[in-house]
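Trainee: coords below, sequence missing:
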């Protein structure tokens, strides 16, 4: 009975259906096995590709955006940055690979880096944190064999054996040799290590790497562009007076130099060099983002030698720099990179103002100014470079004298020296007509003893069309004294206050004195025929003082109604 039921159940399932079910089950099992094999198989390592050396380089330097006109560039700690663009060649295999760009700036802001020209784009980008150094070399050899050579201090004979590095470089150096474990360079015997090769990934130059993918492989021209910290630039103007008329009008030759600073340990030979002038709004902390790689020193930790019977040595301090005597040597910090001679202060005299070999060309870049060096130059590591960007033979202007008055002072026994100012207009009519970025200003005057320095000053940014005023210090020949000609409280009522200024000129020619007689909006002024002119927020009058003579000037002022209503 059982057999017939079994036979009857089997006859109810068609043979085609049984095959279909079994086939589907087999396919499902094979799929599971394939997926398991996929996850269990190790990921194929990316092939490392070395990019070629830069074939074309562009360095665009931005000055410190927080530096004011009267601040000099910090040559020991520059706060500007640069945009660096390098054209390189890479040959990629089929599939995924890692491209290494060796020799990037140590101040590279890695998050700003962009690589163009790759068919597969960028999958991931990295920057090495270690440079080739004793500590990095030791850490990269951990668990591998090295050779240790010892020198017998008595005979000078060297013996060499191999050992396996068993510790990292941050606490001591221990090797495993045939005699067991031993601390290296702790016995006082001269010892040195020899390595067969440099561990993978270590380089004496900073490296930036990216992961990419190319289905077919091939050779490509790529461009690496990034921002880098540790650059800056400043301008300096050198003026040489030519002649001066009896009325104070002068003509001078004006030349300006761009001084560009690269504080990185990497140079950029045969580079296109540009400088950007103007005020940028920079929110990012480029200094913190740059995080330059370091060459870590080897730190050895050794147990003290000798015995307790010898006592504890007493160390003597030779000076405040913690340099120990008594056989103990203070650990010296790594010396700073040797700077080129150009890092010392640069003094430009009139004798050096011959025609420059090349002059930077000015271009417009939005609201900024771009100065392009016409020829490719070497931007050396840890160095300064000077390039002329302005060379004007005949800049016309005039010397005037300025004085300031207020109703709160009294006439005294001594006159105050007037301020001497050189004035011109930044336009072609006056021999200029170019943007003038902020920087230092040095003026020389020809004498029978040669060209002598007469003034040093700072200059703010000046756009085309703006008035240019350069203060030259106190005059030794023009003086002024100013006070109210009465005894009235200027802030008590709206009374007119009589004012008087006394001006004297000891020059052999007449001079112009610009007298500031009240802040605009704070005083109402009556000057008679000499109508005041608004200049830099002050009401001023210009007065001519004859040679070897004096001049008095009188006017009235009072507070406006708005002054009392505000109270």
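Mentor: Great, that's in hand. No experiment lies behind these values; they were computed from the predicted model shown.

Trainee: remind me which residues of the stretch 251-400 of the chain are low pLDDT?
Mentor: 293-294, 303-357 (pLDDT under 70).

Trainee: so where do the strands sit in it?
Mentor: 268-277, 361-365, 368-372, 377-379, 383-404 (DSSP state E, counting those that start in this stretch).

Trainee: quick one: the strands in the stretch 1-150 of the chain?
Mentor: For the stretch 1-150 of the chain, strands defined by DSSP E, counting those that start in this stretch occupy the ranges 47-50, 56-62, 80-92, 95-102, 108-116, 124-127, 145-151.

Trainee: tell me the domain ranges of this protein?
Mentor: 134-194, 382-565 (automatic domain parsing).

Trainee: circling back: CSV for the strands of the stretch 251-400 of the chain, including mean neighbour count and distance to residue 250?
Mentor: For glycine as for every other residue, the C-beta is placed from the backbone atoms N, C-alpha and C. Output for those, formatted as CSV (neighbours: other CB atoms under 10 Å; distance: least, CB to CB, whole Å):
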stretch, mean neighbour count, distance to residue 250
strand 268-277, 20, 26
strand 361-365, 12, 25
strand 368-372, 18, 27
strand 377-379, 19, 35
strand 383-404, 19, 6
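
Trainee: for those, which one sits closest to residue 185?
Mentor: In terms of CB to CB, the element of those nearest to residue 185 is strand 383-404, at 36.7 Å.

Trainee: could I get the domains of the chain as CSV with distance to residue 101?
Mentor: Shown next, in CSV, are the domains of the chain (distance: least, CB to CB, whole Å):
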stretch, distance to residue 101
domain 134-194, 19
domain 382-565, 21
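
Trainee: Let me know which of those domains is the nearest to residue 284.
Mentor: Closest of the domains of the chain to residue 284 is domain 382-565, at 22.7 Å (criterion: CB to CB).

Trainee: Would you mind measuring the gap between the ends of that closest one?
Mentor: Start and end residues of domain 382-565 are separated by 61 Å (CA to CA, to the nearest Å).

Trainee: any idea how far it is from the chain center?
Mentor: Relative to its parent chain, domain 382-565 has a centroid offset of 36 Å by CA atoms, centre = their mean, to the nearest Å.

Trainee: Which helix or strand contains the residue lying closest to residue 527 once chain neighbours are set aside?
Mentor: The spatially closest residue to residue 527, leaving aside those adjacent along the chain, is residue 555, at 4.4 Å (CB to CB, 6 or more residues apart in numbering). Using DSSP states H and E, residue 555 sits within strand 549-558.

Trainee: Would you mark the buried spots in that strand?
Mentor: The neighbour-count check on strand 549-558 (16 or more other CB atoms under 10 Å) flags 553, 555, 556, 557, 558 as buried.

Trainee: Likewise for stretch 531-538?
Mentor: 532, 535, 538.

Trainee: what about the closest residue to the first one other than its chain neighbours, neighbour count?
Mentor: Counting by CB to CB, 6+ apart, the nearest residue to residue 532 once its immediate chain neighbours are dropped is residue 539, at 4.1 Å. Applying other CB atoms under 10 Å, we find 23 other residues in the vicinity of residue 539.

Trainee: Next: residue 466.
Mentor: Taking other CB under 10 Å as the criterion, the count of residues near residue 466 is 15.

Trainee: how near is it to residue 512?
Mentor: Taking CB to CB, to the nearest Å as the measure, residue 466 falls 20 Å from residue 512.

Trainee: give me every residue that touches residue 96.
Mentor: By CB atoms under 8 Å, 6 or more residues apart in numbering, the contact set of residue 96 is 44, 46, 47, 123, 211, 212, 213.

Trainee: same thing but 7 Å
Mentor: 46, 211, 213 (CB atoms under 7 Å, 6 or more residues apart in numbering).

Trainee: Tell me which of the domains of the chain is the most buried.
Mentor: Per residue and on average, the most neighbours among those fall to domain 382-565, with a mean of 16 (mean count of other CB atoms under 10 Å).

Trainee: And for residue 359, nearest residue in space, chain neighbours not counted?
Mentor: Spatial nearest neighbour of residue 359, chain neighbours left out: residue 388 (4.8 Å); criterion: CB to CB, 6+ apart.

Trainee: What ranges in the stretch 51-200 of the chain fall below the confidence cut-off?
Mentor: Across the stretch 51-200 of the chain, residues meeting the criterion (pLDDT under 70) sit at 129-131, 171.

Trainee: any idea which strand is longest in this protein?
Mentor: In the chain, with assignment by DSSP state E, the single longest strand is strand 218-244.

Trainee: what bridges to residue 484?
Mentor: Assessed by DSSP bridges, residue 484 has beta-bridge partners residue 499.

Trainee: Equivalent analysis for residue 533, please.
Mentor: Judged by DSSP bridges, the bridge partners of residue 533 are residue 540.
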